[in-house]
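Asker: here's my sequence, what's the structure:
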Amino acid sequence: MPADSESKLLKAQLKAILTEEREFASRVVYYRRADTQSPWWYNFIPFKFLVEYFGRKKETTQFSQKHLRFKETALRAAEEAVRSGNAERARQEMKGELREFWMREQKLESREVYENLSAMMDLLLDHYLGLLQTREREYLLMLRRAYQNRAAYQEFLARMEQVEHAVDQGVVDALGKTWPDPYIQSKQKAIRDVRKRELEDAF
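Answerer: Take a look at the predicted model:
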C-alpha cells in the first residue's frame, strides 16, 4: 500500500485521467454534431440555440455513460495494480467484471464483440497503468512521460482505433443492421479528430 504522499499522488493522477476522459467524450459529441448537417427545417425553429444546447447536452450524457463505463473499469484495475503491486490479479478481476456485465446486462450474443471488448480493456489497462507509473500529476505530462515520443503514442491510438472499429462493426452485425452505420461513422470520425488534436498537444 503506498504511503500517504504516494496515495495523494495516485488520487491526483486518477482525477486528472478521469477528468480528461469526460472532456474527451464532450469533445467527441461536439465534433460529431458540428460535422453533421442539420435538416433544412431546423433553421425555422424558434430559439434554435436552445434546441441545439439541450440536444448536445443529452447526447453528451448518453455518450459519456457508454464511453466511460469500460474506461472507468480499466482505470479502477490500473489503480488496484498500482496499490497492490499485482497487475495480473488486477487484470483478472477486470476481466471478471467484464464477464459479469456481459452475462447480466448485455443483450448481444456475439463472441466476437466480447473478445474485442476484452482486447480493448487490456489496451486501456496497459495505457492507464503506464500513465500512473509516470508519477506526473497533469494529464499531458503523464502522456509525454509514458510514451516518450509521438510515434509510440500514435501506435497506441492506432491500436485503439482498430479494436474500437471491430467492436462497432460487430455490434452492427449482431443487431442485423447494415454497415456502415451513419451514426457510427460520424462518431468514429469525431473520435479521430479529437485524438489528432490531443496528439498534437502532447507531442
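Asker: the helices in the chain, which residues?
Answerer: 4-35, 48-84, 87-104, 111-132, 139-147, 150-174, 182-202 (DSSP state H).
Asker: tell me the mean pLDDT for the last one?
Answerer: pLDDT averaged over helix 182-202 equals 89, rounded to a whole number.
Asker: for residue 80, see how far away residue 133 is.
Answerer: 14 Å (CB to CB, to the nearest Å). Heads up, the C-betas are built off the backbone N, CA and C, glycines and all.
Asker: low-scoring pLDDT stretches of the protein, where are they?
Answerer: For the chain, applying pLDDT under 70 flags the ranges 1-3, 35-65, 67, 106-108.
Asker: neighbour count winner among residue 133 and residue 80?
Answerer: Ranked by neighbour count (other CB atoms under 10 Å), residue 133 and residue 80 place residue 80 first, with 18 against 15.
Asker: shouldn't residue 138 be in contact with residue 16?
Answerer: Yes - with contact defined as CB atoms under 8 Å, residue 138 counts as touching residue 16 (6.2 Å).
Asker: the two: which has the busier surroundings?
Answerer: The neighbour comparison of residue 138 against residue 16 (other CB under 10 Å) goes to residue 16, with 18 against 12.
Asker: for that one, what are its contacts?
Answerer: When contacts are counted by CB atoms under 8 Å, 6 or more residues apart in numbering, residue 16 touches 137-139, 142.
Asker: for residue 146, same thing?
Answerer: Neighbouring residues of residue 146 by CB under 8 Å, 6+ apart: 127, 130-131, 133-134.
Asker: what sits closest to residue 72 if chain neighbours are left out?
Answerer: Once flanking residues are discounted, residue 72 sits nearest to residue 18: 7.3 Å by CB to CB, 6 or more residues apart in numbering.
Asker: can you report how many residues lie near residue 32?
Answerer: Using other CB under 10 Å, residue 32 is surrounded by 22 other residues.
Asker: surely it meets residue 186?
Answerer: Yes - with contact defined as CB under 8 Å, residue 32 counts as touching residue 186 (5.0 Å).
Asker: count of neighbours near residue 135?
Answerer: Neighbourhood size, residue 135 [other CB under 10 Å]: 12.
Asker: need the contact list for it.
Answerer: With contact taken as CB under 8 Å, 6+ apart, residue 135 is in contact with 9, 145.
Asker: got the phi and psi for it?
Answerer: Main-chain torsions, residue 135, degrees, to the nearest 10: phi 70, psi 10.
Asker: also residue 137?
Answerer: Here the main-chain torsion angles of residue 137 (degrees, to the nearest 10) amount to phi -100, psi -30.
Asker: these two touch, right, it and residue 10?
Answerer: No - shown here, residue 137 and residue 10 do not form a contact pair, counting by CB under 8 Å, at 10.2 Å.
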